[in-house]
Structure formats: structure tokens, C-alpha cells
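Got a predicted model here, sequence first, then my questions.
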Number of protein chains: 2
Amino acid sequence: MVSNTATKVIGIIVSSTRPNRVGFQISEWAQRILAENIDSSSTQIKIIDLQKENLPLYDEPNPPKAGKPYVNSHTMAWSEKIAGIDSFIFVSPVYNGSIPGGLKNAIDYLWKEWTKKPTIVVTYGSTGGKGSNDFLYTLLGGALGMNLIPQEKTVLIPLSRSFYVENTSTFIDIDKDLLPHKETLVNAIEELKKLPYAQ
Amino acid sequence: MVSNTATKVIGIIVSSTRPNRVGFQISEWAQRILAENIDSSSTQIKIIDLQKENLPLYDEPNPPKAGKPYVNSHTMAWSEKIAGIDSFIFVSPVYNGSIPGGLKNAIDYLWKEWTKKPTIVVTYGSTGGKGSNDFLYTLLGGALGMNLIPQEKTVLIPLSRSFYVENTSTFIDIDKDLLPHKETLVNAIEELKKLPYAQ
């Protein structure tokens, strides 16, 4: 039997490239909650780890919005990867009040591959990553033309040193420590489902 | 004869890493005007080109504000370079409403090497780079604790395609095209001289 349900792909962008980042564990936490709240027969989840992508600092001759062909193979591969994703969860820390440079660099390589796509923003930090959250709402929702869930439904995760194994950046029990934010993320996923996919 | 006048170093940060960036020419323009308006017997100018620095995406285990030793040789070299600069001119384009990721990445590698230092912000773009200018005032003046000249004296350079040799990003006559901004930059340099150097 041929299914008429096209498979959609949700990408989780792991934004921190720091070796002992907590962002990868938080992204896996988001992935588990996402998997529990989507129809796996019609939706796939992909983790996109900017540490593994390891894009160089922007080296295309032309801005992506100019619509000229890309010249570098890493840009072509990044374009193909992001073009293949239908909606996104951005998981970002706060560095000096806004997002890591590596995330801004990865975003700025592309334009049409991002625009119109449904998106959730998840930020973390001592005050829940509010600076990065605001910045991403402006950047993704503004210049990039992405289709974000309402900001009042966004996911802000305040972190505490008490969450971690002593002298490490490893959660003692992430499901327990982030439990207060699970319902917020579930509600955000429901908001994501209401948004139209890009044409 | 031993001079009692310590030599101060002003660093010009070339923020764009794009191959056919106009930022390098604008930085050289700023350097010429700076050279005409400082005492060369007591002040040196250094160009710091982020394309040449080519820092990887942030890969230190600890945030710089934690005050722990750096582990990577590129971080140690970058720290030493920036620690040796007394004041700065940041020259930045606008990508999607704010600074290039490569500039944010370079800034976030360090903290104490930036803080308190007198700084001018020069931005450029179709609307003078206002988004990057505002972002840098918040980032450098806020989280980094740098000592910026008043924002009403800042340098915003609106660019026009008519400035460039056809189908290139090379200025036809940068001194002529940017002449309306020369006095603004000279005044900004005078403001810079009024700011106390970091202790």
C-alpha cells in the first residue's frame, strides 16, 4: 500500500561547540520529548550538531540572499542538509548576552533553506537564556523569515550548578532537573504542529 | 635617551571574513585617518584581520570569564594579541541585522583582555550597519565592559552599489565615497583620546 503521508523531518540544532557543553544533553532531552509527542510514522528527527558540522568562518564570496551559486563544497553540503529539514528546534546557550558566534555563522551561510520553516527556540543559561531567546526571535523570525511559535510559548531553561556532577558539565539526572520544563516543551511541540510547513 | 612616554597600541579589528568583503578597504581607510590624527611617536596602529586569524569555532572547555587557564594554543595566541592592544576600532558589516558570527566567536574567546578598553565602533551596510552598531554597543559596552565612545558620536557608513567597480566589491575611490564620514571618524578618534586606558 502506498502511503499518501509524506515524511516530514524535524531538525534539532545543537548550537554550542564547546567541548564540555551541556547543550548536547539538553538536545537529547528535547529529542526524547519530541519523539514521545510526534507521529513517528510520518515524522523523523535529526540531530544537527554544529560541533560536528565544523563549518569554517563565513567564506562564500556572495551573501546567500543574493541567490548566486555557492562556491564551497562545505556550503553546498550544509545547504543540502538544511534544505532537507522541514522544521527546527534551535537549542542555544548564552554567550555574553546572545547566541554563540558559531550558530550565527552557521545561520548566515544560508537563507532560502531556512525561510518560512516552523521553528521552536530552546535556550538555557543561569537566567534561562533570555538574551539568546530574544536574539533568535529577532534573527530567525525577522531577517530569516522563519515561522516561529509564539514567544510566550517558548522554552527557557534556567540552569543551576546543583544540576551537575561536581566539577563537570554532566547532568546528574537531566529528566528530573528539567522536569519543570517538560510541559512547556510539549506545549511548544503542539504549537509547532499548528504552523504550516514551508511550500 | 630613555623616553617616559609609553607606546600605546590601537587595534583595528577587520570583522568580515568573506573573500570579497569591502571591510578590509574600509579598515585601511580608517587606519589612514587614524594615522593622521594620532601622535605616531606614542601610538602604534595594528590591523587585526579575523580572516587571517582564522580562529576555529569556540573550542575552549571553559567560558573565559571563569578565569581558568586556556587549553588551546590558538586561544593563548589570540589572548596575547588582544592583551597587547590598548584600545580598539571594530569595523563590522551587518549580516541578517547584526554582526558576523566570526566576530562574535572571536570576541567570546576572551574576556579580561577586552574589558575596560577604549573603543570605537565603525559599521557599514546599506543603512550604515545600524543593527551591528546597536548590537556591538550592547555586547562590548555591556557584557564585555569595554569603554565605548558615546553612541551619538559613532561611525555609521551607508554603502551604495555606485561606490564599487562594476560587478566587484572594490571601491572606485574610497576616499571620495567615504568623505562624508571622515569628519565623523576624526571626531570619534578625539572622543577615544578622552577615554581612560584600562589599568
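Arrived safely, thanks for sending.

hang on, residue A:196 packs against residue A:117?
No - using C-beta atoms under 8 Å, residue A:196 is not in contact with residue A:117, being 10.0 Å away. (Glycine included, C-beta is placed from N, CA and C.)

out of those two, which sits in the busier spot?
residue A:117 (22 against 9; other C-beta atoms under 10 Å in any protein chain shown).

mind listing what that one touches?
Going by C-beta atoms under 8 Å, 6 or more residues apart in numbering or on different chains, residue A:117 touches A:85-88, A:146-147, A:197-198.

Going through the residues you listed, which ones are buried?
The neighbour-count test (16 or more other C-beta atoms under 10 Å in any protein chain shown) applied to the contacts of residue A:117 identifies A:85-88, A:146-147, A:198 as buried.

From those residues, which land in helices?
Of the buried ones among the contacts of residue A:117, none are assigned to helices by DSSP state H.

could you dump those residues to CSV with pLDDT and distance to chain B?
Shown next, in CSV, are the buried ones among the contacts of residue A:117 (pLDDT from 0 to 100; distance: C-beta to the nearest C-beta, whole Å):
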residue, pLDDT, distance to chain B
A:85, 97, 19
A:86, 97, 21
A:87, 97, 20
A:88, 98, 16
A:146, 98, 11
A:147, 97, 16
A:198, 55, 18
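
can you list residues touching both of residue A:196 and residue A:117?
residue A:147.

before we move on, the earlier item: just flag the most distant two among the buried ones among the contacts of residue A:117.
Spatially, the most separated pair among the buried ones among the contacts of residue A:117 is A:85 and A:147, at 13.2 Å (C-beta to C-beta).

The longest helix along chain A packs against which elements?
Scanning chain A for the helix with the most residues, using DSSP H, yields helix A:179-194. Applying 3 or more C-beta pairs under 8 Å, 6 or more residues apart in numbering or on different chains; DSSP states H and E, we find helix A:179-194 packed against helix A:23-36, strand A:118-125, strand A:155-158.

Kindly provide the whole-number mean pLDDT of it.
Summarised as a single mean, pLDDT over helix A:179-194 is 97.

Repeat that for stretch A:9-20.
Across stretch A:9-20, the average pLDDT comes to 96.

Measure how far it is from the centre of its chain, please.
7 Å (C-alpha atoms, centre = their mean, to the nearest Å).

I figured residue A:45 was touching residue A:32, is that so?
No - in this structure residue A:45 lies outside contact range of residue A:32 using C-beta under 8 Å: 9.7 Å.

ends of stretch A:95-110, how far apart?
Stretch A:95-110 has an end-to-end distance of 22 Å (C-alpha to C-alpha, to the nearest Å).

Is that stretch in proximity to chain B?
Yes - Stretch A:95-110 reaches chain B (C-beta under 8 Å from any C-beta of the partner chain) through A:95-108.

Buried members of those into ChimeraX, please.
Of the residues of stretch A:95-110 next to chain B, the buried ones go into a single ChimeraX selection, burial set by 16+ other C-beta under 10 Å:
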select /A:95,96,97,98,99,100,101,102,103,104,105,106,107,108
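
tell me the phi and psi of the residue nearest the centre of chain A?
When C-alpha atoms, centre = their mean is applied to chain A, the residue found nearest the centroid is residue A:90 (1.6 Å). Phi and psi for residue A:90, reported as degrees, to the nearest 10, are phi -90, psi 120.

and it, how far is that from residue A:50?
10 Å (C-beta to C-beta, to the nearest Å).

same deal with residue A:71?
As judged by C-beta to C-beta, residue A:71 and residue A:50 stand 21 Å apart.

before we move on, what about residue A:138?
Distance from residue A:138 to residue A:50, by C-beta to C-beta: 20 Å.

For those two, indicate the residue with more neighbours.
Using other C-beta under 10 Å as the criterion, residue A:138 and residue A:50 rank with residue A:50 on top: 20 against 16.

Surely the more buried one and residue A:106 touch.
Yes - if you go by C-beta under 8 Å, residue A:50 and residue A:106 touch, sitting 5.5 Å apart.

which residues do these two both contact?
Contacts common to residue A:50 and residue A:106, judged by C-beta under 8 Å, 6+ apart, are residue A:13.

coming back round to it: dig out what the residue nearest to the centre of chain A forms beta bridges with.
residue A:13, residue A:121 (DSSP bridges).

Test my guess that it contacts residue A:124.
No - Residue A:90 is beyond contact range of residue A:124, at 11.5 Å (criterion: C-beta under 8 Å).

what about residue A:11, neighbour count?
20.

In contact with the closest residue in space to residue A:197 that isn't next to it in sequence, which residues?
Computed as C-beta to C-beta, 6 or more residues apart in numbering or on different chains, the closest residue to residue A:197 that is not its neighbour in sequence is residue A:86, at 5.4 Å. Taking C-beta under 8 Å, 6+ apart, we find residue A:86 in contact with A:8-10, A:117-118, A:197-198.

any residues in contact with both of residue A:90 and residue A:50?
Joint contacts of residue A:90 and residue A:50 (C-beta under 8 Å, 6+ apart) are A:13, A:15, A:103.

Distance of the first one relative to residue A:21?
Here the distance between residue A:13 and residue A:21 works out to 13 Å (C-beta to C-beta).

With neighbour numbers in mind, choose between the two.
Neighbours per residue (other C-beta under 10 Å) separate residue A:13 from residue A:21, with residue A:13 holding more: 25 against 20.

I figured the more buried one was touching residue A:90, is that so?
Yes - between residue A:13 and residue A:90 there is a contact under C-beta under 8 Å: 4.8 Å.
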